[in-house]
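Colleague: Provided below for reference: sequence and predicted model.
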Amino acid sequence: VWSGDVYSSFWGLTHQVAGGLNYALSGLPYWTTDIGGYHPTMDTTSADYQELYLRWFQFGTFCPVFRTHGHRPHNEMWSYPLVEPALLTYDKLRYRMMPYLYSLAWRVSSDDYTLMRPLPMDFRNDPLTWNDGTQFMFGPALLVNPVLEAGATSRRVYLPANTTWYDFWTGEKLTGDRHIEAAAPLERIPLYVRAGSILPLGPEEEYADEKPNGPIELRVYPGADGAFTLYNDEGDNYDYERGAHSTTTLTWSDATRTLTIAARQGAYPNMPRETTFHIILVRPTHGTDEATTDTADRTITYTGSATTVKIP
């Protein structure tokens, strides 16, 4: 489902966020919008429209379905030269999130999960999350805060209580249960990661299954215990419904600084025999932003057998 042929304005963008969160609360997991709005209300070559398009694109990167569409002369990223570098950043990030996204899609099928999550779904004991229609979790790890005002360079963000958070872009560690004024220059959406998260990011690639062997960055955000289950299958049929798929459970012990990679469960035709994991313990300037991390804390070749990795 998508939100319809909406108009291009920040007013329209704001209502897409609230609409998507309400839709998710109804228990339906897959939803999206026409990034940039379907009906342009301004010249699409103008700086004003390109700002709106980028802010909408940033939000769309964290929608269950990532879709740019509209009644415009052109729709390629190079059609918006004033913001094209930033658009490419988020396009690459969406592809790098494929291991995370595909694993969450499996949870939708197996556990009735919902990817786009209003804050009360995960923080129901925190009253300050109950009436916020502008922030949301994307899966268990990512706190997404779309910028919804023209000309904004910052955005007020609430970090839910009883949780430690990391700035995705810088690695800065922040305590929860407070509002902050997050930096939001045009090229940045405020994005935070919950402590205890294991965020799998694939390599930069041009299409979804270009590099099935990885490498996959396992970004570990210390400060709490955590777990994540990686999922994979053939990717182009329904054989997974008959058991042709695999899962690998990852577990982080914060006290011992140990990542346990369990034995792979299941198999499917042409499954890679091995996968390279770059294990990254996130800290300021290390394991940050959308780019691949140059130096891993540990690198292992995973062949399906259980293994334990201690990170100093």
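Modeller: That came through fine. Numbers count the residues shown, from 1 in each chain.

Colleague: identify the residue nearest residue 9 in space, chain neighbours excluded?
Modeller: Nearest-residue entry for residue 9: residue 41, 5.7 Å, with adjacent residues in sequence omitted and distances by Cβ to Cβ, 6 or more residues apart in numbering. C-beta here means a position set from N, CA and C on the backbone, and glycine is covered the same way.

Colleague: for the one you found, give me its contacts.
Modeller: For residue 41, the residues meeting the contact criterion (Cβ atoms under 8 Å, 6 or more residues apart in numbering) are 7, 8, 9.

Colleague: quick one: residue 153 from residue 147, how far?
Modeller: From residue 153 across to residue 147, the span is 9 Å (Cβ to Cβ, to the nearest Å).

Colleague: overlap in contacts of the two?
Modeller: Taking Cβ under 8 Å, 6+ apart as the criterion, residue 153 and residue 147 both touch residue 184.

Colleague: which SS class is residue 103?
Modeller: For residue 103, the secondary structure call by DSSP: H, G, I helix; E, B strand; the rest coil comes out as helix.

Colleague: tell me the bridge partners for the nearest residue to it once chain neighbours are set aside.
Modeller: Nearest in space to residue 103, with sequence neighbours left out and distances taken as Cβ to Cβ, 6+ apart, is residue 231 at 4.3 Å. When assigned by DSSP bridges, residue 231 has beta-bridge partners residue 247.

Colleague: tell me what the lengthiest helix in the chain is packed against?
Modeller: Determined from DSSP state H, the single longest helix within the chain is helix 10-25. With contacts defined as 3 or more Cβ pairs under 8 Å, 6 or more residues apart in numbering; DSSP states H and E, the packing partners of helix 10-25 are helix 47-60, strand 116-118, strand 136-138.

Colleague: could I get these as JSON lines with distance to residue 272, mean neighbour count and mean pLDDT?
Modeller: Putting those into JSON lines (distance: least, Cβ to Cβ, whole Å; neighbours: other Cβ atoms under 10 Å; pLDDT from 0 to 100) gives the following:
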{"stretch": "helix 47-60", "distance to residue 272": "30", "mean neighbour count": "22", "mean pLDDT": "98"}
{"stretch": "strand 116-118", "distance to residue 272": "30", "mean neighbour count": "23", "mean pLDDT": "97"}
{"stretch": "strand 136-138", "distance to residue 272": "27", "mean neighbour count": "23", "mean pLDDT": "98"}
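
Colleague: export those to JSON lines and append columns for distance to residue 285.
Modeller: Formatted as JSON lines, these follow (distance: least, Cβ to Cβ, whole Å):
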{"stretch": "helix 47-60", "distance to residue 285": "22"}
{"stretch": "strand 116-118", "distance to residue 285": "29"}
{"stretch": "strand 136-138", "distance to residue 285": "24"}
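
Colleague: any idea which of those gets closest to residue 177?
Modeller: Using Cβ to Cβ as the criterion, the shortest distance between residue 177 and those is 16.2 Å, found for strand 136-138.

Colleague: check which helices and strands the next helix or strand after that closest one sits against.
Modeller: Of the helices and strands lying after strand 136-138 in sequence (DSSP states H and E), the nearest is strand 142-144. With contacts defined as 3+ Cβ pairs under 8 Å, 6+ apart, the secondary structure elements packing on strand 142-144 are strand 136-138, strand 191-194.

Colleague: contacting residues around the residue nearest to residue 103?
Modeller: Contact analysis of residue 231 by Cβ under 8 Å, 6+ apart lists 102, 103, 105, 106, 107, 245, 246, 247.

Colleague: could you measure from it over to residue 29?
Modeller: Taking Cβ to Cβ as the measure, residue 231 and residue 29 are separated by 15 Å.

Colleague: which helix or which strand is home to the residue located most distally from the centre of the chain?
Modeller: Centroid-distance maximum for the chain: residue 43 at 30.5 Å, with Cα atoms, centre = their mean. When elements are assigned from DSSP H and E, residue 43 belongs to no helix and no strand.
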